[in-house]
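S.K.: Just need the structure, nothing else, for what follows:
(2 chains)
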Amino acid sequence: MNDQIHEAQSHNMRLLSNNRLNGFGGVGEGMAMQIAKDGRRILWLAHEGPPKNFTAVDVTNPRDTKIICQTELPHTRMRSNSLDITGDLMVVCYQVSTPGDSPAGIELFDISNPENPRSISFFDMSGPHSRGVHCCWFVDGEFVHCAGGASDFRPRHPRDDQFYRIIDVRNPSKPVEAGRWWFPGTREGDKEPAPARVRPMPLDNLRGPDAFRLHNANVYPERPDRAYLGYIDGGAIILDISDKANPKVVSTWNPHPPYPGFTHTVMPLLNRDLLVVTDECVQDNAEDWPKLTWMVDARKEDNLVPIATFPMPAVEEFGHKGGRFGSHNIHENRPGPSMRSESIIYGCFFNAGVRIFDITNPYRPETIAWFVPPMPEGSRVATAQMNDIYVDERGVIYSVDRWSGGLYVFEADI
Amino acid sequence: MKPAPDIFLAFGKVSEPLQALAHEGTDIARRGRELGQQVAWIGSGTEPLRLNSPGWLKVAPELIAALSGREGLRLLCRDRLESIIPPFAAQTRRWIAGYLDRIEDRTGKAQEQGDALTRLSDRFFAALLPLPSPHIATVDRIGGKISIQEDEEFVRLDMAFWDGTQLTGIIFGDENESTPAKRKALERLAERARSRFVLHRIASNAASDALARTMVDKVMDANPPWFGPYRADEFSTPLP
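M.R.: From the prediction side, this is the model:
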């Protein structure tokens, strides 16, 4: 029997507002902030699934947020899930449910008039074995780093269809591929053997675990020659992308197995020679527990050493409240109007809510604040499922629910 | 007007500054000292803290005797400074290494010729001492009693220098890399410490270079004679 979380639980955090996004409160992993020309602060959100594509919310007043734009997907066999912004240029990802379907790829928009995003171009990543693009990173205005399929890529396992693609958008009306990298052994024709599956799953559903495909690729302007990849069951990978056409592996770290898989995000703390590595919980009711957030010593880039895991509340308390419980997204210190701290980490943990950690001592991350919202009306599960998080340079915290709760805005006493 | 309070710093590999204050801090204060291996007191009249300031560098006289002259002393100094930098203060480590390189460029490499007691290159040891990862608080020291106000807090920076007049505190990164609470804590520290404290945020290579130049220039302010890092009391015992 699931316990339901009816009341908010919090420590050192306050809810400023909650916007249910016109009843379409299921948000994926795309959260990016634009400072519009008129000074408004606009948060762009990619929806987790159809029918909506993306929604723009004016968060200038975090206590009174307003929807200014909400768009539709072309059909219901696809989702956007992810987007990113540099200046007034937005990239939106399109992923289809079935390989071979379309549109699958990335679309670029001019959002200089936020109420009326204007499509500039589309880069097609559809193919007979491709589901398109799951996640993107675009912070320098020049290159999109994304997890995508391709028409010329046939994976050995159907879930391994999305790999690392670098798309040059310096001419946004004509995006071109600048480079690509995939996990050795995952492509038909590779000389390397196929990687051993960590937790084999039936193929009736291509979503979910049991995949050697890219999730997040993070590249920072302070270190443009490095890409930090969360490659799901392939673990954490650092690539040298000084020659984007020929990425090379610098190092890898993979706790899976014995851990249950799904490395999601690898965020470098470049001033401290540390990495924060998150796994993603992808199954309800703690079936894939523990899904952890790791602190990794990266002083020697080619010899990554895990030194701690972030504290999580007890699985006895949250594991069976309903829905997912465990790690997922963190605020990724992206350039732009964003908090960029290497001692405070903000993360979201599905039914364990939003949690903030002090990693001044990286051997002992400490939880310093949290907020667990109550189950939102219309949720598919009995809890809120906090799915993604963004913190602006003022310290205002934005987080989204995966199914129905929409956008939550918080402040923290930290 | 009430004089500015003293400033206490716990620096280096310190995670509990109150413990550092309670132990080494009170110990060196009792002995009339201002600089220890992990702590420093800044008050009116505190001399600039330099590489050759006694207290931070504890080295056995036998090791000093075994060094190969000034080059060895210089390398020892650099090595010991590197060793007090916390393991994950990568940017601080890089900055300090660059700073010491600049000092050497400015003062010249150690010259071993001749019998002079001091040489121009000894000015290296007069460079201001970088205090890595300091936790800083203002304290009241009245009649030998040390007290921290109830609402006082330690504020952690990336690095600090004391030049005899002002404590220069350094944070690498923009203001948006500090949480709102940290920004307020820095404001309170600046208010309490008044003119004795100034904060620099280093958010670009240009700013980093400018800071390094400023700090390197201060080595030329040091009055001769310049000694190596062996003026500590620990070395007052004659060598066998």
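
S.K.: Report all helices and strands that the longest helix anywhere in chain B contacts.
M.R.: If you go by DSSP state H, chain B has its longest helix at helix B:90-107. When contacts are defined as 3 or more CB pairs under 8 Å, 6 or more residues apart in numbering or on different chains; DSSP states H and E, helix B:90-107 packs onto helix B:69-84, strand B:131-132, strand B:159-162, strand B:167-172, helix B:205-217. No exception for glycine: its C-beta is placed from N, CA and C like everyone else's.

S.K.: So which of the ones you listed is nearest A:Ala352?
M.R.: Among the helices and strands packed on helix B:90-107, the nearest to A:Ala352 by CB to CB is strand B:167-172 (31.7 Å).

S.K.: Next, the angle from the closest one to helix B:90-107.
M.R.: Per axes from the mean of the first three to the mean of the last three CA atoms, to 10 degrees, the angle that strand B:167-172 makes with helix B:90-107 is 120 degrees.

S.K.: could the helices and strands packed on helix B:90-107 go into JSON lines alongside mean pLDDT?
M.R.: Shown next, in JSON lines, are the helices and strands packed on helix B:90-107 (pLDDT from 0 to 100):
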{"stretch": "helix B:69-84", "mean pLDDT": "89"}
{"stretch": "strand B:131-132", "mean pLDDT": "97"}
{"stretch": "strand B:159-162", "mean pLDDT": "96"}
{"stretch": "strand B:167-172", "mean pLDDT": "95"}
{"stretch": "helix B:205-217", "mean pLDDT": "92"}
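
S.K.: Run the chain-centre distance for the longest helix of chain B.
M.R.: 14 Å (CA atoms, centre = their mean, to the nearest Å).

S.K.: pLDDT on that helix, on average?
M.R.: The pLDDT scores in helix B:90-107 average 93.

S.K.: Stretch A:380-389 now?
M.R.: pLDDT averaged over stretch A:380-389 gives 97.

S.K.: That stretch and chain B in contact?
M.R.: No - Stretch A:380-389 does not reach chain B (CB under 8 Å from any CB of the partner chain); its nearest approach is 14.9 Å.

S.K.: hmm, back to that, out of the helices and strands packed on helix B:90-107, which gets nearest to chain A?
M.R.: Closest approach to chain A among those (CB to the nearest CB): strand B:167-172, 5.8 Å.

S.K.: Dump the helices and strands packed on helix B:90-107 to TSV, plus mean neighbour count and distance to A:Gly30.
M.R.: Shown next, in TSV, are the helices and strands packed on helix B:90-107 (neighbours: other CB atoms under 10 Å in any protein chain shown; distance: least, CB to CB, whole Å):
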stretch	mean neighbour count	distance to A:Gly30
helix B:69-84	16	43
strand B:131-132	26	39
strand B:159-162	25	38
strand B:167-172	23	30
helix B:205-217	15	32
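
S.K.: Return the nearest residue of chain A with respect to chain B.
M.R.: Counting by CB to the nearest CB, chain A gets nearest chain B through A:Glu393, at 3.4 Å.

S.K.: Please give me every residue in contact with that residue.
M.R.: Applying CB atoms under 8 Å, 6 or more residues apart in numbering or on different chains to A:Glu393 gives the contacts A:337-340, B:174-176.
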